[in-house]
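Q: Fold the following.
(chains A and B)
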2 protein chains.
Amino acid sequence: VPLPERKLISGVRREVQRAPSGRGSLAAGIGDDCALLRVPPRHQILVTTDFTLEGVHFRREWHPPRSVGHRCLARGLSDIAAMGGEPVAAFLSLALPAKLPQKWVDDFMGGLLVLAKQFGVPLAGGDTASSPAGIMADIVVVGALPRGEAVLRSTARPGDLVFVSGALGGSAAALQLLYAGKRLDPRSYPAHFFPAPRIEVARRLRRAEIVTSMIDLSDGLSTDLRHICEESRVGAEISAQSIPQAKFRDGAVELDLALHGGEDYELLFTARPGTRVPRSVAGVPITHVGRITRGRKIVLLPENGSRSELESRGWEHFRSTR
Amino acid sequence: VPLPERKLISGVRREVQRAPSGRGSLAAGIGDDCALLRVPPRHQILVTTDFTLEGVHFRREWHPPRSVGHRCLARGLSDIAAMGGEPVAAFLSLALPAKLPQKWVDDFMGGLLVLAKQFGVPLAGGDTASSPAGIMADIVVVGALPRGEAVLRSTARPGDLVFVSGALGGSAAALQLLYAGKRLDPRSYPAHFFPAPRIEVARRLRRAEIVTSMIDLSDGLSTDLRHICEESRVGAEISAQSIPQAKFRDGAVELDLALHGGEDYELLFTARPGTRVPRSVAGVPITHVGRITRGRKIVLLPENGSRSELESRGWEHFRSTR
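A: Numbers count the residues shown, from 1 in each chain, chains lettered A, B, ... in the order given. Predicted coordinates for the structure are as follows:
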């Protein structure tokens, strides 16, 4: 058993012991066979699980460990947000190559725990092991929300308007530079290296009963909108000129990156046409980008020219480096 | 994206869709951002997560895929049992080498799903990815039990009697043969290849208010008893002649394997001395093996000879094959 595991476990245990034990969601954590979570009365439980694999979701030469840790947890939190839920606890399973420097592990945990603290999510357990090749993390986030209030993908209706939070394509634009061999200062490209899960935006949208369906933009607008349409058995029309293209360097990202680039972790949601949707929620701009239609087609309405079907260019993670 | 992932996902999705949706614990599963679970009123949530890694927890040349899938889920169910809980749902994250035969994946899923069905646990989600080297599975099991009824490791008291369920050392004895190069028929060594999580035994013990503390024997009696003692800040005396040594071939396993061998997934628990503890629970024999003491030592009382400290020979998983 290599050292990193032991030190990691003791670091995780320390974090768990810091969690408020009498109050809060965590009744008992590491040190027993299971974590024991309290859930408020009349609530349902949300569970999401996401891999973060070296060579698939990050590269050690591109992503500093703090960013890898942040993004690992951000993926799970974003899934909780997509249902309108509140995160309750996170669990991390981590397989590490024996030769990985302890500093990498410490910084990874640092990045993950800063985000966990920001959202008040205790790290309540997990597992560690040595990996034969590459770093593999599996993050589980447990959330909760009042019974019957989960915002699903399957409940968009023809006539609903389509909205997105924030600006799109910023993460993919940074990734494009990394592929081109550029070295990036992570602090200058937070959309890629330190994306913000939209827990608070989603909670307010859910509480205000504004949303009829919702998803987080992890795979890119064109793919995630298709998920909504498939689950809801509807189509959609999206207006190209309305897409909020992320600022990038001195201008904005290309439309293609805003349409197809993944890992922005913004929200895509629908609302009945009569509903008043604020222009910003929790400080994040909300943009009307299209509407839900009968039929099953997803159509892009360009600024000039004719309507065309919007292909789902599914977000491809990094091609494997091995 | 290699084929196995797609087929796996569709297999998992099919299983999820078979789960009772109107009733039961699963309100929504794969197809949305999170699984949505119902939990009975006034219950707390249990969460456990366990890696199953090729070369660490199994070897492809020793363990048929049905056994690997069974053991993967059994580890998680056994953790739920150790708290006296009821399993609610399971989540599987699976990283597979691109060259892995589809048959292996199907049989792995088959072994896992047979056990899941036996315990009425829907497979409610997970993640899949390609692995650069070796099969890596991470199983998450969510459970529930009435508020305040979780059986912890930290609540054994001096004077309590110590009990174990079933017989010990059977899994380690089979492993010893595998190390010695023997080929084993899995059906002849179920303790190793198809261990039975003690959910029902634990539930009855909890409901009858018999137990003061409990743990599952995943690491071996000497190590898991130490976990109880450390968390409860007590010591223990164990009587060597009382240890239920598993039957093995024409005799019984060696005492050392029963004391130190892991992965039996039986229960170790304590009870107040006045409590009536049945000789068997849910068809599984229960054996009195010792008592909890003040101080922090764990002592073995041999049949003949003098008392000695019981070393925790921590369960070592297979040495890495790489």
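Q: C-alpha from now on. contacts and neighbour counts both.
A: Noted.
Q: and the stretch 101-250 of chain A, which of its residues are near chain B?
A: Neighbours of chain B within the stretch 101-250 of chain A, by Cα under 8 Å from any Cα of the partner chain: A:125-129, A:132-134, A:138, A:150, A:152-153, A:215-216, A:231.
Q: just the buried members of those residues?
A: Neighbour-count burial (16 or more other Cα atoms under 10 Å in any protein chain shown) is assigned, among those, to A:125-129, A:132-134, A:138, A:150, A:152-153, A:215-216, A:231.
Q: so residue A:162 bridges to which residues?
A: residue A:270, residue A:290 (DSSP bridges).
Q: And the pLDDT for it?
A: The model reports residue A:162 with a pLDDT of 98.
Q: Surely it touches residue A:290?
A: Yes - here residue A:162 lies in contact with residue A:290, judged by Cα atoms under 8 Å, at a distance of 4.9 Å.
Q: So residue A:236 belongs to a strand, correct?
A: Yes - counting by DSSP: H, G, I helix; E, B strand; the rest coil, residue A:236 is part of a strand.
Q: now residue A:269: how far from chain B?
A: According to Cα to the nearest Cα, to the nearest Å, residue A:269 and chain B sit 13 Å apart.
Q: From what I see, that residue and residue A:210 are in contact.
A: No - using Cα under 8 Å as the test, residue A:269 is too far from residue A:210 to be in contact (9.3 Å).
Q: who has more neighbours, these two?
A: With neighbours defined as other Cα atoms under 10 Å in any protein chain shown, residue A:269 and residue A:210 compare such that residue A:269 has more, 29 against 18.
Q: The closest residue to the more buried one other than its chain neighbours is in what secondary structure piece?
A: Leaving aside its chain neighbours, residue A:269 sits nearest to residue A:214 (4.2 Å; criterion: Cα to Cα, 6 or more residues apart in numbering or on different chains). Under the criterion of DSSP states H and E, residue A:214 resides in strand A:213-216.
Q: same for that strand, what does it pack against?
A: helix A:65-82, helix A:221-232, strand A:267-271 (3 or more Cα pairs under 8 Å, 6 or more residues apart in numbering or on different chains; DSSP states H and E).
Q: circling back to that earlier point, which one's more surrounded, residue A:162 and residue A:290?
A: Between residue A:162 and residue A:290, residue A:162 has the larger neighbour count (other Cα under 10 Å), namely 26 against 23.
Q: Could you pull up the contacting residues of the more buried one?
A: For residue A:162, the contact set (Cα atoms under 8 Å, 6 or more residues apart in numbering or on different chains) comprises A:268-271, A:288-292.
Q: Quick check: residue A:174 vs chain B, distance?
A: Applying Cα to the nearest Cα to residue A:174 and chain B gives a distance of 23 Å.
Q: check contacts around that residue.
A: By Cα under 8 Å, 6+ apart, the contact set of residue A:174 is A:184, A:189, A:192.
Q: Looking at neighbours, which among those residues is most surrounded?
A: Among those, the one with the most neighbours (other Cα under 10 Å) is residue A:192, at 24 neighbours.
Q: Which secondary structure state is assigned to residue A:288?
A: Applying three-state DSSP: residue A:288 is strand.
Q: Residue A:171 against residue A:263, yeah?
A: Yes - the pair residue A:171 / residue A:263 is scored as a contact, 6.1 Å apart, by Cα under 8 Å.
Q: Tell me what residue A:128 is bridged to.
A: Assigned bridge partners for residue A:128, using DSSP bridges, are residue A:94.
Q: That one touches residue A:98, doesn't it?
A: No - judged on Cα under 8 Å, residue A:128 makes no contact with residue A:98 at a distance of 11.8 Å.
Q: Now do the shared contacts for those two.
A: Common neighbours of residue A:128 and residue A:98 (Cα under 8 Å, 6+ apart) do not exist.
Q: Name all residues that make contact with residue A:218.
A: A:75, A:224, A:262-266.
Q: burial of the residue nearest to it when sequence neighbours are not counted, as a residue count?
A: Distances taken as Cα to Cα, 6+ apart place residue A:263 nearest to residue A:218, at 4.3 Å, with adjacent residues excluded. Residues lying near residue A:263 (other Cα under 10 Å) number 25.
Q: per-residue confidence for residue A:263?
A: Note on residue A:263: pLDDT of 94.
Q: One more: residue A:26?
A: At residue A:26, pLDDT is 72.
Q: Quick check: bridge partners of the residue nearest to it when sequence neighbours are not counted?
A: Closest residue to residue A:26 apart from its sequence neighbours, by Cα to Cα, 6+ apart: residue A:37 at 4.8 Å. Judged by DSSP bridges, the bridge partners of residue A:37 are residue A:26, residue B:45.
Q: Which pLDDT value goes with residue A:37?
A: 93.
Q: Pull up the gap between it and residue A:45, please.
A: Separation of residue A:37 from residue A:45 (Cα to Cα, to the nearest Å) stands at 11 Å.
Q: more neighbours, those two?
A: Taking neighbours as other Cα under 10 Å, residue A:37 and residue A:45 compare with residue A:45 leading, 27 against 23.
Q: What residues does the more buried one make contact with?
A: Going by Cα under 8 Å, 6+ apart, residue A:45 touches A:39, A:142-145, B:35-39.
Q: For it, give me the pLDDT.
A: Residue A:45 is given a pLDDT of 95.
Q: hmm, back to that, out of the residues of the stretch 101-250 of chain A next to chain B, who's nearest residue B:49?
A: residue A:126 (5.6 Å; Cα to Cα).
Q: Now do the one helix or strand the closest one maps to: which elements does it pack against?
A: Using DSSP H and E, residue A:126 sits in strand A:123-131. Strand A:123-131 is packed against helix A:3-18, strand A:86-97, strand B:43-53, with contacts defined by 3+ Cα pairs under 8 Å, 6+ apart.
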